[in-house]
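Asks: Sequence and computational prediction follow.
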Amino acid sequence: MESVVERITRKHFWKFHGGIHPPEQKFITNHKPIRHLPLPAQLIIPLQQHIGAAAELIVKAGDYVLKGQSLTASQHPMAVPIHAPTSGTIKAIKLAPIAHPSATQEPCIWLTPDGLDKWRERIIREDILQLTREQLLDIIAEAGIAGMGGAGFPTYIKISHQTPIEFLIINAAECEPYITADDLLMREHSSMIVEGIKILQQIVQAKYILIGIEDNKPEAIQALTQATAQLADCYLCVLPTKYPTGGEKQLIQILTGKEIAKGTLPVHAGIIMQNIATCFAIANAVLDDVPLIQRIVTVTGQALDKPQNVWALLGTPIQHLLDQCGYQAENNNQLIMGGPMMGFSLPTTQIPVVKTTNCIIAPTEQEIPSGNHEVECIRCGQCAEVCPSLLLPQELQWSAKANDLPQLEKLNLFDCIECGACAYVCPSQIPLVHYYRVAKVDIKQQKLQELKAEKAKTRFEARKLRLEQDKRQRELKHQQAAEARRAKMNSTDGDNAKSAVAAALARVKAKKQATTDTSTTNDAIAVDTENSIAEQQQSQVAAAVARAKAKRLAKQSQTEQAPEILEKIENEPKNTKSNNPSQDSKLQTDSNSETTAEAHHTVQPNTVDAVAATLSREEKIKLVIGKAKQKAETTQSPLTEPADAVTTSIASNKQHADDRAQRIAAAIAKAKAKKQQTEKQ
């Protein structure tokens with residue numbers, strides 16, 4: 001069998017299925033040199049410009065940055081940094097529309113150039129052979145290089161595989177109409193492109209280098225032929241012009257005859273492919289320490305006065321490019337980013353240039369009609385005939401309209417490279433690629449939701465298992481502790497534990513008995529107290545009765561002595577006082593001997609004697625009788641008062657006894673409650 005190299009040497013290449021030959025329209029810009037543009041007034045730099053994850057922002061609003069300075073840092077394998085395209089001040093970091101068919105808004109850095117275009121410090125490397133493979137990969141990664149001819153896959157990941165590589169393919173086909181960016185790059189910078197190819201070869205160590213280019217670029221072919229003359233095992237393959245020859249799988253099939261199976265990558269077949277513009281960026285990064293901050297963009301279309309290829313800084317608004325190329329808005333009805341086959345319409349001219357932007361088309365209505373006159377599919381089958389991926393575009397479109405996502409996956413929707421060949425030949429003007437893009441997004445979102453649900457389920461099950469394990473560990477721990485206690489009780493040392501338990505039980509029993517004894521004692525105290533109160537009351541009543549009897553006897557005695565006192569009064573001389581002071585004192589003493597407390601109720605004897613001297617006998621007798629009665633009343637009053645005092649004292653003592661009995665009853669109830677609580681414990 002003829003080898004790949006033999007077929008290439010004879011210029012006998014393989015073919016892929018389908019393909020079309022649309023009008024090229026490359027003549028509009030392929031005869032003009034690449035132009036350098038003045039700095040725009042504002043740069044809008046999206047944080048993510050490639051497939052993968054966005055890098056972490058390391059600057060903030062108000063910072064001054066130099067040209068080539070990193071604005072983000074790579075913390076994820078699929079993230080590459082972005083750099084300042086020129087020196088200036090970061091005005092803001094906010095959302096802005098990005099280069100995407102949906103014109104979705106993403107975080108962007110708004111950089112205001114200062115016009116100085118001042119570089120950061122750079123390292124110029126002249127001998128790259130002294131650099132190791134890992135060092136070269138690090139330089140490419142730090143330069144933020146991603147694929148510049150397609151989806152923008154991070155380059156350092158693509159070339160870092162350890163798989164043996166047989167073919168390093170350089171894609172210089174640039175098959176899509178209107179686009180001439182790679183063509184002009186090969187003409188003007190072929191030597192730098194070859195330096196980039198050498199660096200890639202130093203990294204991947206491929207057996208053969210194949211450069212695929214279409215035959216509609218004669219000047220570029222000549223330039224590459226001269227530049228690669230000294231490059232070993234390098235073959236410049238000039239291919240017939242056919243769209244989409246520049247597709248990765250299609251170019252691999254044409255050059256090697258190998259078909260990349262579904263779900264696999266070219267590297268699995270020993271093949272690595274890189275774009276011409278990517279090779280140029282790699283050489284710039286490794287040799288001159290220039291990160292990916294600009295690229296060539298084809299600005300074309302009949303609505304422009306000066307269509308041409310320009311060096312555009314990343315982040316340059318499309319409006320700035322249009323202004324530099326003489327844009328006539330009145331002659332244009334739409335703007336397209338990318339080629340007419342795979343590009344998409346722009347909703348605004350403030351969309352910035354990114355790493356994958358290779359073309360801006362400003363066509364007239366006659367050049368590319370903007371109206372959508374979609375009608376029903378007539379089942380002509382032309383879309384299937386031109387599909388380079390051997391798909392069934394009409395069935396994919398029906399399933400996409402019905403939102404039948406499982407059927408779309410069965411029909412291998414993700415094998416579609418969105419080349420637009422099917423839509424180009426469709427007589428019903430159905431925008432087939434648009435349906436496919438929407439369906440792909442829906443499927444990706446559904447899978448993302450399923451993945452999140454699966455992760456949540458996994459976390460839930462892991463948590464459930466962890467809780468069950470914790471429960472079993474706790475039960476085992478309690479069981480082991482119980483067994484240890486039982487073993488300790490059964491061992492020799494367990495005697496001490498038993499003694500301690502017995503002592504504790506004895507203390508509880510003693511406390512219970514003490515509570516019972518306290519209750520009994522309290523009851524006895526209450527009974528004794530009541531008996532004492534009763535006896536005290538009885539003794540007080542008896543004493544009061546005795547005092548009353550004694551006072552009645554004293555009254556009777558005083559009444560019997562009244563005649564004797566009268567006789568003495570009569571025998572005394574008139575208007576004289578008693579000559580015997582002792583006798584007067586004796587009388588007064590007898591009068592006051594009954595009670596001292598009642599002296600204010602009794603008439604003094606001297607006063608009676610003084611009055612009696614001026615009275616007749618009858619009046620004297622009456623006076624003595626009155627005095628006796630007065631003494632009797634005076635004697636009777638104290639008898640009543642002590643009785644009342646006794647009654648009050650008895651009542652007070654009874655009240656005191658009742659209060660004390662209540663306190664004793666409360667203490668007894670408290671002791672009983674404490675006893676019951678002790679018994680429960």
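Replies: Nice, thanks for sending it over. Residues are numbered from 1 along each chain as shown.

Asks: Look up which residues are beta-bridged to S70.
Replies: S70 has these beta-bridge partners by DSSP bridges: H83.

Asks: Report the contact partners of it.
Replies: Applying C-beta atoms under 8 Å, 6 or more residues apart in numbering, we find S70 in contact with 58, 81-83, 142, 291. Every residue, glycine included, has its C-beta placed from N, CA and C.

Asks: and the gap between the residue positioned nearest the centre of the chain and L448?
Replies: The centre of the chain sits closest to A456, judged by C-alpha atoms, centre = their mean, with a distance of 16.1 Å. For A456, the distance to L448 equals 13 Å [C-beta to C-beta, to the nearest Å].

Asks: Ok, R120 next?
Replies: Relative to L448, and taking C-beta to C-beta, R120 is found at 39 Å.

Asks: Repeat that for A312.
Replies: Going from A312 to L448 by C-beta to C-beta gives 33 Å.

Asks: tell me which element M273 falls in.
Replies: Per DSSP states H and E: M273 is located in strand 271-275.

Asks: for the record, mean pLDDT for that strand?
Replies: For strand 271-275, mean pLDDT is 95.

Asks: helices and strands around it, which ones?
Replies: Counting contacts by 3 or more C-beta pairs under 8 Å, 6 or more residues apart in numbering; DSSP states H and E, strand 271-275 is packed against helix 155-158, strand 167-171, helix 190-204, helix 248-256.

Asks: For the first one, enumerate the helices and strands it packs against.
Replies: What that stands for is helix 155-158. Contact analysis of helix 155-158 by 3+ C-beta pairs under 8 Å, 6+ apart lists helix 133-142, strand 271-275 as its packing neighbours.

Asks: what do you get for the third one?
Replies: For helix 190-204, the helices and strands in contact under the criterion 3+ C-beta pairs under 8 Å, 6+ apart are helix 133-142, strand 167-171, strand 208-214, helix 218-227, strand 271-275, helix 276-288.

Asks: go again using 7 Å as the cut-off
Replies: Helix 190-204 is packed against helix 133-142, strand 167-171, helix 218-227, helix 276-288, with contacts defined by 3 or more C-beta pairs under 7 Å, 6 or more residues apart in numbering; DSSP states H and E.

Asks: orientation of the second one relative to helix 248-256 in degrees?
Replies: Just to be clear, that refers to strand 167-171. If you take axes from the mean of the first three to the mean of the last three C-alpha atoms, to 10 degrees, strand 167-171 sits at 120 degrees to helix 248-256.

Asks: Output strand 167-171 as CSV - backbone C-alpha positions only.
Replies: Output of strand 167-171 as CSV, limited to C-alpha atoms (Å, rounded to 0.1, in the frame of the first residue of the first chain):
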residue,chain,number,x,y,z
PHE,A,167,2.0,14.2,11.7
LEU,A,168,2.1,17.9,12.7
ILE,A,169,-0.4,19.5,10.3
ILE,A,170,-0.3,23.3,9.7
ASN,A,171,-3.6,24.5,8.5
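
Asks: how distant is it from the center of its chain?
Replies: 47 Å (C-alpha atoms, centre = their mean, to the nearest Å).

Asks: Now it: buried residues?
Replies: Within strand 167-171, the residues that qualify as buried are 167-171, counting by 16 or more other C-beta atoms under 10 Å.

Asks: low-scoring stretches of the stretch 51-200 of the chain, by residue?
Replies: Within the stretch 51-200 of the chain, no stretch has pLDDT under 70.

Asks: can you rerun that using 90?
Replies: Within the stretch 51-200 of the chain, the stretches with pLDDT under 90 are 51-55, 74-79, 98-105, 125-130, 149-152, 161-163.

Asks: which residues in it form strands?
Replies: Under the criterion DSSP state E, counting those that start in this stretch, the stretch 51-200 of the chain contains strands at 56-57, 64-65, 72-73, 88-97, 105-113, 167-171.

Asks: For Y435, which of those strands is the nearest?
Replies: strand 88-97 (23.0 Å; C-beta to C-beta).

Asks: what lines up beside that closest one in the sheet?
Replies: According to DSSP bridges, strand 88-97 forms sheet pairs with strand 64-65 (antiparallel), strand 105-113 (antiparallel).

Asks: that older thread, more neighbours: which of A312 and L448?
Replies: Set A312 next to L448 and count neighbours by other C-beta atoms under 10 Å: A312 wins out with 26 against 10.

Asks: Who does that one form a beta bridge with?
Replies: For A312, the beta-bridge partners under DSSP bridges are R295.

Asks: Need the per-residue pLDDT for it.
Replies: At A312, the model reports a pLDDT of 97.

Asks: pLDDT-wise, which helix or strand of the chain ranks last?
Replies: helix 581-592 (a mean of 40; mean pLDDT, DSSP states H and E).

Asks: export stretch 332-341 as CSV, just CAs?
Replies: Extracted in CSV, the C-alpha atoms of stretch 332-341 (Å, rounded to 0.1, in the frame of the first residue of the first chain):
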residue,chain,number,x,y,z
ASN,A,332,-25.2,48.2,4.6
ASN,A,333,-28.0,46.3,6.3
GLN,A,334,-26.0,43.9,8.4
LEU,A,335,-22.6,43.2,9.9
ILE,A,336,-21.1,39.7,10.0
MET,A,337,-18.3,38.6,12.2
GLY,A,338,-16.4,35.7,10.6
GLY,A,339,-17.0,34.4,7.1
PRO,A,340,-20.3,34.4,5.2
MET,A,341,-20.6,30.6,5.8
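
Asks: same question for it, mean pLDDT?
Replies: Rounded mean pLDDT across stretch 332-341 is 90.

Asks: how many neighbours does V425 have?
Replies: 18.

Asks: what about it, distance to G19?
Replies: Distance from V425 to G19, by C-beta to C-beta: 11 Å.

Asks: Quick check: neighbours shared by the two?
Replies: V386 (C-beta atoms under 7 Å, 6 or more residues apart in numbering).

Asks: circling back: please tabulate the contacts of S70 in a markdown table, including the columns distance to G196.
Replies: Shown next, in a markdown table, are the contacts of S70 (distance: C-beta to C-beta, whole Å):
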| residue | distance to G196 |
| --- | --- |
| I58 | 28 |
| P81 | 19 |
| I82 | 20 |
| H83 | 18 |
| E142 | 16 |
| P291 | 14 |
